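*Asks:* from the sequence below, what's the structure:
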Amino acid sequence: MGTKILTVASAIALICLTLNSCDTPVGQGAAWGAATGAIIGGAATGNVRAASIGAAAGAAAGALTGKIVQENQAAGYGPPPPGGYPYARWAGRSGFFYSPYTGRVYDLRGVPPGGLTRDIDTGQLFRKP
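*Replies:* Numbering: from 1, shown residues only. Got it, this is the predicted structure:
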């Protein structure tokens, strides 16, 4: 009975974290770390307390790893301009936005909020709102 509850709790936690945390490398790292930690902690001991401790430790380690990945990705863009990157404007359809530089419409459905996109005409970066 306890193992079944642990399995269901781990599955629910994994689904929730995956759906809510998949926008950034930090969120993805935390989600995978929590899921992995919960599975290992639960499998090693068979109780919920160990699974929750494993999930917490895994989430922390995953978030730190994700933060490092995110910083390394951002370093490739160089320093931001004074005042930061401008935001795109909504183009009237879900996930589609106008570039603040040229007005070209971009499909940004796969870009997380605040994510950077390069305008192909100017080469300059802008953010998804």
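*Asks:* ok, now how distant is the residue nearest to T65 when sequence neighbours are not counted from G62?
*Replies:* Leaving aside its sequence neighbours, T65 sits nearest to G29 (CB to CB, 6 or more residues apart in numbering; 4.7 Å). (Each C-beta comes from the backbone N, C-alpha and C, glycine too.) With the distance defined as CB to CB, to the nearest Å, G29 ends up 4 Å from G62.
*Asks:* now do F96
*Replies:* Taking CB to CB, one finds F96 at 32 Å from G62.
*Asks:* the more surrounded of these two?
*Replies:* Using other CB atoms under 10 Å, the more surrounded residue of F96 and G62 is G62, with 25 against 14.
*Asks:* do I have it right that that one meets G27?
*Replies:* No: contact status for G62 versus G27: not in contact, 9.2 Å apart, counting by CB atoms under 8 Å.
*Asks:* all strands of this protein, in order?
*Replies:* 89-90, 96-98, 105-107, 116-118, 125-127 (DSSP state E).
*Asks:* now do the last one: which elements does it pack against?
*Replies:* Put plainly, it is strand 125-127. strand 116-118 (3 or more CB pairs under 8 Å, 6 or more residues apart in numbering; DSSP states H and E).
*Asks:* quick one: strands adjacent to the strand it packs on?
*Replies:* For strand 116-118, the paired strands and their directions (DSSP bridges) are strand 125-127 (antiparallel).
*Asks:* who touches the partner strand?
*Replies:* With CB atoms under 8 Å, 6 or more residues apart in numbering as the test, strand 125-127 has contacts from 77, 84-88, 99-101, 114-119.
*Asks:* avg pLDDT for that strand?
*Replies:* The pLDDT scores in strand 125-127 average 93.
*Asks:* so where is the protein shaky, pLDDT-wise?
*Replies:* When residues are selected by pLDDT under 70, those of the chain lie in 1-26, 70, 73-75.
*Asks:* show me where it has its helices.
*Replies:* All helices of the chain, identified by DSSP state H, fall at 2-20, 25-45, 48-75.
*Asks:* helices or strands up against the second one?
*Replies:* To tie it back to what came earlier, the one meant is helix 25-45. Applying 3+ CB pairs under 8 Å, 6+ apart, we find helix 25-45 packed against helix 2-20, helix 48-75.
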